[in-house]
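K.L.:
This is a predicted model, with the sequence first.
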Amino acid sequence: MPARPIDESPLRGNPAKRRRRLPEALLALAAAVALVIAPAMTASAESPVSFASSPVLDAAGALSPADVASIEQAASTLYDEHRVQLFVAFVDDFSDPSDRVQWADDTATLNGLGTDDVLLAVAVEQRQYQVSVAQGFALDEAQVSSLQTDDIEPRLVESDWAGAAVAAAEGIGTRLDAPTAGETLGSGLLLTLGVLAALVVVGVVIWLLVRRSRRRRAAEAVEASIDELATRAGSALVHADDAVRTSEQEVGFAEAQFGSDATGPFREALVSAKGMLGEAFSLQQRLEDSEPETDQERRDGYARILELCTGIDQVLDEKAEAFEQLRALEKNAPEVAAQLSARVATVAERVAPTRSILAELGTRYAPSAIDDVTDDADEAEDRLRFARDSAGSALEAISSGDTGRAAVLLRAGQQAAEQASGLLDAVATRATDLREAEASLAARIAEIRADVAQGRALAAAPTEPESAALAQNVAAAVASTEAALDGIERDAAVTPRDPLGLLERLTAADATIDTAVGGYRDAQAQQQRERAALAAELTAARSRVSAAEDFIASRRGAVGSEARTRVAEAARAAEYANQIAATDPREALASAQRASSLAQQALDRARSDANAYSAPNAVGSPFGGNTTGAFLGGILVDSLLGGGGRRSGYRSGGFGGGGFSGGFGGGGSSRRSGGGGGFGGGRSSGGGGRRGGGGRF
């Protein structure tokens, strides 16, 4: 159906038709406004789904905004009163897997649902449902069964989707409030117990006074224990992240020298370690977000992070011995030294052109657009000096027959040279991103201006009170968007400017006016606009994530777990946005915006860490005096300079001894911080699988 032309707006045409059309159009507008503020929902009607910020997910389009609000309120009440979280998913059908029980269990696992989490999954078209709870959930089999047959299923039969979900929340609460068998004993027995209790009441009071003091001291000890776990988990995450990054470099070097067949097992181990690291970062992000957790949830969460970091260490260490043999540079140290010197010379040729690029960027773009790369050329030169000195010292060691020392020096030099190359690459990438963002500004502004014009026409409403009130909202959106566009156009016309920042401001302005006029476009036009907004936001998100990752990678010796957690989550959000862009541009846009926000938070935190960093004193190390950048880049680790690690430090006779911050054969067992226990995910750690029931309705 073609888009409604402006001359058929409520301004013109037959008065009777005008009176009918305006309320209908403005009601569509009201629905569009409600959709903007409704929680983002994942658009998967088949495979197990992932919940966003809301416990309600409607991939089948079965719920109105009011329905969503009523379910969220019921779920919130259940959580406030019983600390049980209800998650509700409406999809068209269950497939991949098609078994409803397995589908619900897979969704529970995907979202990390724990003992105190309940999932209600409904396949609207398929007319099937499933209730999924943990084995350790407070309701027994009979109570769960009655919840299904008495509360949920009768409403599903009537296609009362919201009513079924609300009834589930209320039914769970009612059953949790129900007295147990022990609470329904006869009054005679209770009276007897009361008499017996009276005989010891004085003793109990005295005992409670003593116990209160002990409890207070115990609570203080528990809090200290949780804080200690949090510190250990943060430290373990840093070490694990360094280990994975270093190992990735090690595998790349080995593949270049020995071929991919020989390094296949190491690549597989690295993929496994990366998976565990991603889970650990995701869990750390959850523990740091604005939603409070109980002490037990925090304790279990940090214990799980420690467990994952230990697993990363073990996965990498399983291949360490063979990897050290593969990288036994003693056998070809002279050749590697020559290769390193050549590599340093090649990278050094790029420094001057990069300085020219930075100078040009500095005159054209605002500091906010380039401040994280402005010192990259200086940092690259610092790494190259270290690599050059390491190569020279390695040649001296080779001449004296100390091939073990030469190997350590050469490996550190290789890492420094690659960091220098990465720093220079970051500048070139930023220049490209800014040019592309700048080129897209005019088209985005024109698109939004067209929406403003359409909104202005729609706002010229008749005088009916209800219609006029809604039309005022359109006028307000038009005025707000016009003001934002005027400011953006002014900033885009001056030098220096920040094109990526301007794109993000345009996305916000577009959301405002889209609320007003989106309901008047046909489906194809609306989808085209959503894709245009998504393309712009994805450009900004990718640039932000890349900038944060590059900054952290080249300064990882200074950057702590908070920045690493943020950037890991930002990368996941950006990847998710990219995956669903073709099927759900609206959800993808929200995910891309989250990626940009998290990446900026990561960059800000990483800058703060780097600014506060003070490199250790390397006097007495085999690397000489140019070590500040090597420490900042995580190439050298202070705790290993004196010969720490698993073996004998810098004279270990190969890679991995004391000189590196982890990786295959590096780092040592200091990463094994202990910890244990499971962490089931969202709330508390359940175990032993899940149970529940359901069927057709």
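P.N.:
The structure has been received and is ready for your questions.
K.L.:
the strands in the stretch 101-250 of the chain, which residues?
P.N.:
Applying DSSP state E, counting those that start in this stretch to the stretch 101-250 of the chain gives strands spanning 117-123, 128-134.
K.L.:
Ignore what I typed, I meant the chain.
P.N.:
56-58, 85-91, 117-123, 128-134, 690-696 (DSSP state E).
K.L.:
So for residue 634, which of these sits nearest?
P.N.:
For these, the distance to residue 634 is smallest for strand 117-123, at 38.2 Å, taking Cβ to Cβ. C-beta here means a position set from N, CA and C on the backbone, and glycine is covered the same way.
K.L.:
Now do that closest one and strand 85-91, the angle between them.
P.N.:
10 degrees (axes from the mean of the first three to the mean of the last three Cα atoms, to 10 degrees).
K.L.:
Need the contact partners of strand 117-123.
P.N.:
62, 84-94, 100, 103-104, 107-108, 113, 128-134, 137, 152, 156, 161, 164-165, 168, 172, 681-683, 692, 694 (Cβ atoms under 8 Å, 6 or more residues apart in numbering).
K.L.:
Tell me the pLDDT of residue 427.
P.N.:
On pLDDT, residue 427 comes in at 95.
K.L.:
For it, give me its contacts.
P.N.:
354, 357-358, 361, 373, 376-377.
K.L.:
what's the distance between it and residue 94?
P.N.:
With distances taken as Cβ to Cβ, to the nearest Å, residue 427 is found 50 Å from residue 94.
K.L.:
now do residue 454
P.N.:
Taking Cβ to Cβ, one finds residue 454 at 41 Å from residue 94.
K.L.:
related to what we said a few turns ago, got a ChimeraX select line for the buried ones in the contacts of residue 427?
P.N.:
The ChimeraX selection below is limited to those of those classed as buried (16 or more other Cβ atoms under 10 Å):
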select :354,357,358,361,373,376,377
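K.L.:
Mind checking which of the contacts of residue 427 are in helices?
P.N.:
Per DSSP state H, helices hold the following members of those: 354, 357-358, 361, 376-377.
K.L.:
can I get the residues you listed in CSV with distance to residue 412 and pLDDT?
P.N.:
Shown next, in CSV, are the ones in helices among the contacts of residue 427 (distance: Cβ to Cβ, whole Å; pLDDT from 0 to 100):
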residue, distance to residue 412, pLDDT
354, 23, 96
357, 28, 96
358, 27, 96
361, 31, 95
376, 20, 94
377, 21, 95
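K.L.:
Relative to residue 441, which of these is nearest.
P.N.:
The closest of the ones in helices among the contacts of residue 427, once distances to residue 441 are taken by Cβ to Cβ, is residue 361, at 16.9 Å.
K.L.:
Near the closest residue to that closest one other than its chain neighbours, how many other residues are there?
P.N.:
Among residues not flanking residue 361 along the chain, residue 370 sits closest, at 5.0 Å (Cβ to Cβ, 6 or more residues apart in numbering). A count of nearby residues for residue 370, using other Cβ atoms under 10 Å, gives 21.
K.L.:
just the one 5 residues further on next, same as before
P.N.:
Using other Cβ under 10 Å, residue 375 has 13 other residues around it.
K.L.:
Let's have the ones in helices among the contacts of residue 427 in a markdown table, adding distance to residue 74.
P.N.:
Putting the ones in helices among the contacts of residue 427 into a markdown table (distance: Cβ to Cβ, whole Å) gives the following:
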| residue | distance to residue 74 |
| --- | --- |
| 354 | 58 |
| 357 | 57 |
| 358 | 56 |
| 361 | 53 |
| 376 | 53 |
| 377 | 58 |
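K.L.:
List just the nearest of those residues to residue 177.
P.N.:
residue 376 (61.4 Å).
K.L.:
Report the contact partners of that closest one.
P.N.:
Counted by Cβ under 8 Å, 6+ apart, residue 376 has contacts 354, 358, 423-424, 426-427, 554.
K.L.:
So it versus residue 446, what's the distance?
P.N.:
Distance from residue 376 to residue 446, by Cβ to Cβ: 35 Å.
K.L.:
Then residue 602?
P.N.:
According to Cβ to Cβ, residue 602 stands 33 Å off from residue 446.
K.L.:
do residue 300 as well
P.N.:
Per Cβ to Cβ, residue 300 is found 53 Å from residue 446.
K.L.:
quick one: the residue nearest the centre of the chain and residue 164, what's the gap?
P.N.:
The residue lying closest to the centre of the chain (Cα atoms, centre = their mean) is residue 569, at 2.2 Å. From residue 569 across to residue 164, the span is 33 Å (Cβ to Cβ).
K.L.:
Next, the contact list for residue 170, please.
P.N.:
74, 78, 151.
K.L.:
re the thing from before, right, so the strands of the stretch 101-250 of the chain: which one is the most enclosed?
P.N.:
strand 117-123 (a mean of 26; mean count of other Cβ atoms under 10 Å).
K.L.:
Help me confirm that residue 127 comes into contact with residue 695.
P.N.:
No: because the distance of 9.7 Å does not satisfy Cβ atoms under 8 Å, residue 127 is recorded as not touching residue 695.
K.L.:
about what we covered before: okay, residue 602 and residue 446: which has more neighbours?
P.N.:
Between residue 602 and residue 446, counting by other Cβ under 10 Å, residue 602 is the more crowded of the two (28 against 9).
K.L.:
I'd say the more buried one and residue 567 touch.
P.N.:
Yes: the pair residue 602 / residue 567 is scored as a contact, 3.8 Å apart, by Cβ under 8 Å.
K.L.:
shared neighbours, these two?
P.N.:
Shared contacts of residue 602 and residue 567, defined by Cβ under 8 Å, 6+ apart, comprise 548, 552.
K.L.:
Which residue, neighbours along the chain excluded, lies closest to residue 225?
P.N.:
Nearest to residue 225 is residue 299, by Cβ to Cβ, 6+ apart, at 7.5 Å.
K.L.:
number of nearby residues for the residue lying closest to residue 478 once chain neighbours are set aside?
P.N.:
Distances taken as Cβ to Cβ, 6+ apart put residue 455 closest to residue 478, at 4.3 Å, once the chain neighbours are dropped. Residue 455 has 25 neighbouring residues, counting by other Cβ under 10 Å.
K.L.:
and residue 455, what does it touch?
P.N.:
474-475, 477-478, 481, 513, 516-517.
K.L.:
Then residue 428?
P.N.:
354, 357.
K.L.:
how about low-confidence regions in the stretch 301-450 of the chain?
P.N.:
For the stretch 301-450 of the chain, applying pLDDT under 70 flags the ranges 320-330, 404.
K.L.:
try the stretch 501-650 of the chain
P.N.:
Scanning the stretch 501-650 of the chain residue by residue, the ranges that satisfy pLDDT under 70 are 519-522, 615-626, 637-650.
K.L.:
Please report how far residue 550 lies from residue 544.
P.N.:
Using Cβ to Cβ, residue 550 is found at 11 Å from residue 544.
K.L.:
my bad, should have said residue 304
P.N.:
As judged by Cβ to Cβ, residue 304 and residue 544 stand 29 Å apart.
K.L.:
now swap in residue 160 and tell me
P.N.:
To residue 544, residue 160 is 44 Å away according to Cβ to Cβ.
K.L.:
quick one: which of those two has more around it?
P.N.:
Using other Cβ under 10 Å, the more surrounded residue of residue 160 and residue 544 is residue 544, with 27 against 14.
K.L.:
Is that one in contact with residue 567, as I believe?
P.N.:
No: Residue 544 is not in contact with residue 567 according to Cβ under 8 Å; the separation is 9.4 Å.
K.L.:
Overlap in contacts, these two.
P.N.:
599, 603.
K.L.:
re earlier: my guess is the residue nearest to residue 361 contacts residue 360, does it?
P.N.:
No: judged on Cβ under 8 Å, residue 370 makes no contact with residue 360 at a distance of 10.3 Å.
K.L.:
Great, nothing more from me.
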